[in-house]
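*Asks:* here is my input; please provide its structure:
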Amino acid sequence: MNAAESKNLQKGTRVCWQGNAGDSGTITQTSWDAVTITWDNGHVAVVQHGDMREIQRAQSSSSPT
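*Replies:* Alright, predicted model coming up:
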């Protein structure tokens, strides 16, 4: 995603690395210059908005009801 898209992310948004659903995380903090991502593997990363090229919103999975 680009910087403008990154700036619109909200806490709780699911994201993934290079479109890989197996490498996913959750936005846990946002600021004017960066987001904090808590990855499902336990790592935490602060990523500047301009460095979000490899990160995408995760596809929402709808479960049948």
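*Asks:* next SSE downstream of the lengthiest strand in the chain?
*Replies:* Ranked by residue count and defined by DSSP state E, the top strand of the chain is strand 20-30. Proceeding N to C from strand 20-30, the next assigned helix or strand is strand 34-39, under DSSP states H and E.
*Asks:* parallel or antiparallel, list what pairs with that following strand.
*Replies:* strand 20-30 (antiparallel), strand 44-48 (antiparallel) (DSSP bridges).
*Asks:* how much space between Ile37 and Gly50?
*Replies:* 15 Å (Cβ to Cβ, to the nearest Å). Bear in mind the C-beta positions are built from the backbone N, C-alpha and C, glycine included.
*Asks:* pLDDT below threshold where in this protein?
*Replies:* For the chain, the stretches with pLDDT under 70 are 60-65.
*Asks:* geometric centre of this structure: which residue is closest?
*Replies:* Val15 (3.3 Å; Cα atoms, centre = their mean).
*Asks:* name the nearest residue to it, sequence neighbours excluded.
*Replies:* Using Cβ to Cβ, 6 or more residues apart in numbering and skipping the chain neighbours, the partner closest in space to Val15 is Ile55 (5.2 Å).
*Asks:* what is the one you found paired to in the beta sheet?
*Replies:* Residues in beta-bridge contact with Ile55 (DSSP bridges): Trp17.
*Asks:* mind listing what it touches?
*Replies:* By Cβ atoms under 8 Å, 6 or more residues apart in numbering, the contact set of Ile55 is Met1, Ser6, Val15, Cys16, Trp17, Ile37, Val47.
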